[in-house]
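> kindly return the folded structure for what I paste below:
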Amino acid sequence: MFKFKRPLSLSIKLWIAMTLLILTVLGGLGLTITWLFGDFYLQQKLDALRTEATDIATQIAPLPDWPQRLATAQTAKLTSGTQLVILDATGDPLAVMGATFGNGPRGGLGWGGMGGPMGGWGRVSKPTDFFSAENLLQVLSGHTLSIKALPTNGNGQTMLIAAAPIGSNAVSGVVLLGSSTVPIQESINTFRRLILYASLLAIALATLVSLILARQMTRPLGLMQRAAKRMAEGDFNPIVGVTSRDELGELAFTLNSMGESLRNHVTWLSEEKNLLEGIVEGISDAVIMLGPEGELVYANDPAQALWTEDERERLGRKEEVLAFLQKLVAKKRREDGVTPGEGAGIEESNAEVETLTLGTQILQVGVASLADSGGVRGNVFVLRDVTASLRAEKERRDFLASVTHELRTPLHLIQGYLEAIQDGVIPPEEEGEHINLVLDESKRLARLVQSLQEINRLEQKLALQWTTLSLSEFMQDLNQRFQGKASDLGVQLRILPGTGEIEADRDRLLQVFINLIDNALRHTPSGQAIMVEATNREDNVRFMVRDEGEGIPTDALRHIFERFYRVDKARSRKEGGMGLGLAIVKQIVEAHGGTVKVESEVGKGTIFWVEIPHSNRTAT
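Alright, predicted model coming up:
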């Protein structure tokens, strides 16, 4: 008996039984068919030889003499592997044609081969070797024979013999045909091999079909077994394909009910987990979790952005953040007097908010401990970037201080002059001069208020009045506006003609270059030059305003576009400047979807670059 390391399944047992049955049936059937075919094919060959011998005898019998008969017999088409012998009434061979057989080389067509019509038989077998005297007498008596005969000496292979009489009333000779049984036996063997191969193929197909049937019969059990494994792995899809109402069907229904219940519970837990993950990933604050030993367990995308740039880690930044958080945990434990093995649940820190400075970033850090019955599992930190809010607060205070200062100075002057006039301190002949000073200061206040309103409108992104500008006409307009003033100041102003067109708000764009060129004229000494040009590029138009003035210090360049920022405060106030012009320039250019940059070197001059897209109506 065969022994298997593991029990055979029910489907395998059914398959083995059905396979054995099929082997028995097909094996017996194949043997029977092979035996029947051998006899049938041999008899069919004998019948064919008999018919062929009769046809030849009938064809040559009417001819008057033997030469004509032999000539006609020579034209007969013999079946491959067949030898024809013409015998006279005494049994002597008159002619031999067709194949020869024996232990020597096969073949040899002609009338006997070597040395004449009947010469050269040697060891070659002939039909006459199998044709006995009794057979000759039987044919001469008018009968046609077809037999499987042994050589007359009793040794050698068998041959199929067919003999027909020449003539009907008076038999004058015999047509004798012989065919070796070797080709027939080979054909039978070939057929047997085909039967064997077909039987093997049939057995293989039947085995496959029996395996399919066996599996089909045991399929419900297999489905439930795999379903149970899937449930153990977390897949709670129902069992599909078991429709019977027997015990197996009831078992499948019970498993489906259990899987549905488990899936509902797991889905609820997964939704809760996804909700928490979505909240953590969705907030803009950095969330970091450290393990009980201070190791990094989790960090959301904003947290990872603290120490990565372009998907590459900044050198030392991650270690700096983790070291700060670990120190914060140690400090919290000392303040709370809690060891890592105490507490349960989530405990929030009541200490004052800590701050972490990373380069130019300022982060507020909050911490909460995660604990269960086994002790502290870790600490969760929330790092909020307050850099922008602190900067905005500083800008607001600076803005209020600047506005207050800018308003207080002219108001004090106005108040002082008016009180002096009212009290009669100023002589009557000088009152007109002081009233003009009051008027100048009030105009300065009006310009200040107008500039503030302009900045407010630009910050609210009011709609621009888009139009198509010809650069040639625009540059010509600038030239006409400033050539007179430049000549009065002794400054050489070159405004080069532009080419092409651009979509922009004409008045706003004109305001940009009025501010830039006016600043250049005020800061360029007499005898120096200012050049303005517009270059039409593939994506935008690039304007350049270059002067040979006093230049801007390097430390002031990054503040040059801030509101109320002035490089030389005393000179700007004397000339009526309020530090709002370049801030307005930047906001107008950005409203057009463009950029403004500045390059400067003290003592050599300043270059302002303004780039405006050809078409950017969606910028506002």
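> got the confidence number for K604?
With respect to pLDDT, K604 scores 88.
> in a strand, L31, correct?
No: with DSSP: H, G, I helix; E, B strand; the rest coil as the criterion, L31 is located in helix rather than a strand.
> separation between it and A204?
As judged by C-beta to C-beta, to the nearest Å, L31 and A204 stand 19 Å apart. The C-beta positions use only the backbone N, C-alpha and C, and glycine is treated the same way.
> the two: which has the busier surroundings?
The residue with more neighbours, out of L31 and A204, is L31; 13 against 10, by other C-beta atoms under 10 Å.
> please give me every residue in contact with that one.
Going by C-beta atoms under 8 Å, 6 or more residues apart in numbering, L31 touches no other residue.
> quick check: it vs V25, distance?
In terms of C-beta to C-beta, L31 sits 11 Å off from V25.
> and for these two, which residues touch both?
Common neighbours of L31 and V25, counting by C-beta under 8 Å, 6+ apart, are absent.
> secondary structure element for the nearest residue to R50 once chain neighbours are set aside?
In this structure, R50 finds its nearest non-sequential neighbour in S146, 3.9 Å apart by C-beta to C-beta, 6 or more residues apart in numbering. For S146, the host element (DSSP states H and E) is strand 145-149.
> relative to that strand, what are the paired strands and their orientations?
strand 159-166 (antiparallel) (DSSP bridges).
> returning to what we had before: dump the strand holding S146 to PDB, restricted to CA.
Taking Å, rounded to 0.1, in the frame of the first residue of the first chain, the C-alpha atoms of strand 145-149 are listed here in PDB:
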ATOM      1  CA  LEU A 145      -7.000 -18.300 -55.300                       C
ATOM      2  CA  SER A 146      -6.000 -15.700 -52.600                       C
ATOM      3  CA  ILE A 147      -4.100 -17.100 -49.700                       C
ATOM      4  CA  LYS A 148      -1.400 -16.400 -47.100                       C
ATOM      5  CA  ALA A 149       1.200 -19.000 -47.700                       C
END
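> residues of that strand that come out buried?
L145, S146, I147, A149 (16 or more other C-beta atoms under 10 Å).
> of those, the lowest pLDDT goes to which?
The member of the buried residues of strand 145-149 with the lowest pLDDT is A149, at 71.
> that one against F130, yeah?
Yes: counting by C-beta atoms under 8 Å, A149 does reach F130; the two are 4.2 Å apart.
> tell me, what's touching those two both at once?
T158, M159, I161.
> most neighbours, which of those residues?
Counting neighbours by other C-beta under 10 Å, I161 comes out on top of those with 26 neighbours.
> give the bridge partners for that one, please.
With DSSP bridges as the rule, I161 is bridged to I147, G178.
> how close does it sit to F191?
Remark: distance between I161 and F191 (C-beta to C-beta) = 23 Å.
> just T51 next, same as before
Distance, T51 to F191, by C-beta to C-beta: 23 Å.
> ok so, going back, any chance of TSV for the shared contacts of A149 and F130, columns pLDDT?
Shown next, in TSV, are the shared contacts of A149 and F130 (pLDDT from 0 to 100):
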residue	pLDDT
T158	78
M159	80
I161	83
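> G282: which of these is nearest?
Ranked by distance to G282 (C-beta to C-beta), these are led by T158 at 97.8 Å.
> tell me the first helix or strand C-terminal of the top helix by length along the chain.
Longest helix in the chain, counting residues (DSSP state H): helix 181-233. Sequence order places helix 247-282 as the next helix or strand after helix 181-233, per DSSP H and E.
> ok, the closest residue in space to G173 that isn't next to it in sequence to D55 distance?
In this structure, G173 finds its nearest non-sequential neighbour in I166, 4.1 Å apart by C-beta to C-beta, 6+ apart. The gap separating I166 from D55 is 12 Å, by C-beta to C-beta.
> these two: which has the busier surroundings?
Neighbours per residue (other C-beta under 10 Å) separate I166 from D55, with I166 holding more: 27 against 12.
> which residues does the more buried one contact?
Contacts of I166 by C-beta under 8 Å, 6+ apart are A57, I60, A61, R69, S172, G173, V174, V175.
> just the buried ones from the residues you listed?
A57, I60, A61, R69, G173, V174, V175.
> in a markdown table: these, plus pLDDT and secondary structure.
A markdown table is the format used below for those (pLDDT from 0 to 100; DSSP: H, G, I helix; E, B strand; the rest coil):
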| residue | pLDDT | secondary structure |
| --- | --- | --- |
| A57 | 83 | helix |
| I60 | 84 | helix |
| A61 | 83 | coil |
| R69 | 83 | helix |
| G173 | 86 | strand |
| V174 | 88 | strand |
| V175 | 87 | strand |
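> low-confidence ranges in the stretch 151-300 of the chain?
Low-confidence segments of the stretch 151-300 of the chain (pLDDT under 70): 152-156, 216.
> which pLDDT value goes with F2?
pLDDT for F2: 48.
> ditto for I346
On the pLDDT scale, I346 gets 44.
> before we move on, what about the one 5 residues further on?
At A351 the predicted local confidence, pLDDT, stands at 46.
> against which helices or strands is the helix or strand where L325 lies packed?
Following DSSP H and E, the helix or strand that holds L325 is helix 317-336. Applying 3 or more C-beta pairs under 8 Å, 6 or more residues apart in numbering; DSSP states H and E, we find helix 317-336 packed against strand 286-290, helix 301-307, strand 354-358, strand 361-372, strand 375-385.
> let's see that with 10 Å instead.
Contacts defined by 3 or more C-beta pairs under 10 Å, 6 or more residues apart in numbering; DSSP states H and E place helix 317-336 against strand 286-290, strand 296-299, helix 301-307, strand 308-309, strand 354-358, strand 361-372, strand 375-385.
> residues touching the third one, excluding its own?
In other words, helix 301-307. 280-289, 296, 299, 308, 311, 313-322, 356, 358-359, 361, 363, 381-385 (C-beta atoms under 10 Å, 6 or more residues apart in numbering).
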